[in-house]
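Engineer: Here's a sequence, model it:
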Amino acid sequence: MNLEERFIGYLESLVKNQDRGALAQLRRGLGKPPGAAPEMHRYVVPFLPATPSPTLEEAYYLIAALFAFWHQGKDTVASNAPPNLGASLACMVTKDNEDSIDRRFTALLKSHPRDLSHHMRQAIGFLKSKEVPVAWQQLLRDILNWEHPEGFVQRDWARAFWGRRAVWAPPALPETPEEEITA
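Structural biologist: As a prediction, the model looks like this:
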């Protein structure tokens with residue numbers, strides 16, 4: 001079991017053991033940089049190396065806060081999560097909200113690492129509102145690789161999000177009168 005699996009397993013144990021106090025302390029870190037909510041340290045620091053990179057530290061604190069936020073008021077850990085955040089958000093799309101979710105998702109994909117926590121909080125809050133599960137280990141790995149020069153995380157999420165259209169139906173094209181086609 002690698003460090004990421006152990007960390008997410010630990011967070012899941014807090015939900016399974018109904019440790020609401022610990023989850024509340026982790027939620028206090030939402031929207032704050034690592035260290036700004038000192039009550040989080042006791043739950044996150046044991047999973048970090050002695051001198052973590054800023055990217056590693058920020059990812060672990062962000063995931064801990066988002067995990068606690070999504071599980072607020074829940075006594076069980078959700079199973080059968082879609083494979084990544086793009087797939088989770090694709091589960092939320094309807095004809096009525098398609099444009100709005102597309103814009104939010106595009107903003108998330110384009111977000112600078114400095115702004116990622118803000119966009120992630122919005123996305124996780126949206127998923128929480130409809131009880132759509134999140135693949136937390138994958139999300140942690142994806143956040144750790146957010147700045148990869150090849151942008152493979154963003155491409156994987158995009159394929160999972162917009163790939164749904166290949167399964168459902170392509171967007172309807174405007175109808176063209178027959179006169180224009182033969183002209």
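Engineer: what's the span of stretch 25-41, first residue to last?
Structural biologist: End-to-end distance for stretch 25-41, by Cα to Cα, to the nearest Å: 10 Å.
Engineer: tell me how far that stretch is from the chain's mean position?
Structural biologist: 18 Å (Cα atoms, centre = their mean, to the nearest Å).
Engineer: what's in contact with it?
Structural biologist: Under the contact criterion Cβ atoms under 8 Å, 6 or more residues apart in numbering, stretch 25-41 has outside partners 11, 14, 43-44, 57-58, 60-62, 64-69, 72, 117-118, 121. Any C-beta I mention is one placed from the backbone N, CA and C, and that applies to glycine too.
Engineer: rerun at 6 Å
Structural biologist: Contacts with stretch 25-41, where a contact means Cβ atoms under 6 Å, 6 or more residues apart in numbering, come from 43, 57-58, 61, 64-65, 68-69, 121.
Engineer: In helices, which of those fall?
Structural biologist: Judged by DSSP state H, those include 43, 57-58, 61, 64-65, 68-69, 121 as members of helices.
Engineer: Among those residues, which one is most surrounded by other residues?
Structural biologist: Using other Cβ atoms under 10 Å as the neighbour test, the ones in helices among the contacts of stretch 25-41 are led by residue 64, with 30 neighbours.
Engineer: just wondering, since we're on it, how far is it from residue 109?
Structural biologist: 23 Å (Cβ to Cβ, to the nearest Å).
Engineer: Residue 149 now?
Structural biologist: 15 Å.
Engineer: if we can go back for a sec, and which of the ones in helices among the contacts of stretch 25-41 is nearest residue 97?
Structural biologist: Of all these, residue 97 sits closest to residue 121, with 18.7 Å by Cβ to Cβ.
Engineer: Quickly note the distance from the closest one to residue 155.
Structural biologist: Distance from residue 121 to residue 155, by Cβ to Cβ: 23 Å.
Engineer: what does residue 97 give?
Structural biologist: In terms of Cβ to Cβ, residue 97 sits 24 Å off from residue 155.
Engineer: How about residue 115?
Structural biologist: For residue 115, the distance to residue 155 - Cβ to Cβ - is 19 Å.
Engineer: same check, this time on residue 145
Structural biologist: Distance of residue 145 to residue 155, computed by Cβ to Cβ: 11 Å.
Engineer: of the two, who's got more company?
Structural biologist: More neighbours surround residue 145 than the other of residue 145 and residue 155, with 16 against 12 (other Cβ under 10 Å).
Engineer: Could you find the closest non-adjacent residue to that one?
Structural biologist: residue 153 (5.1 Å; Cβ to Cβ, 6 or more residues apart in numbering).
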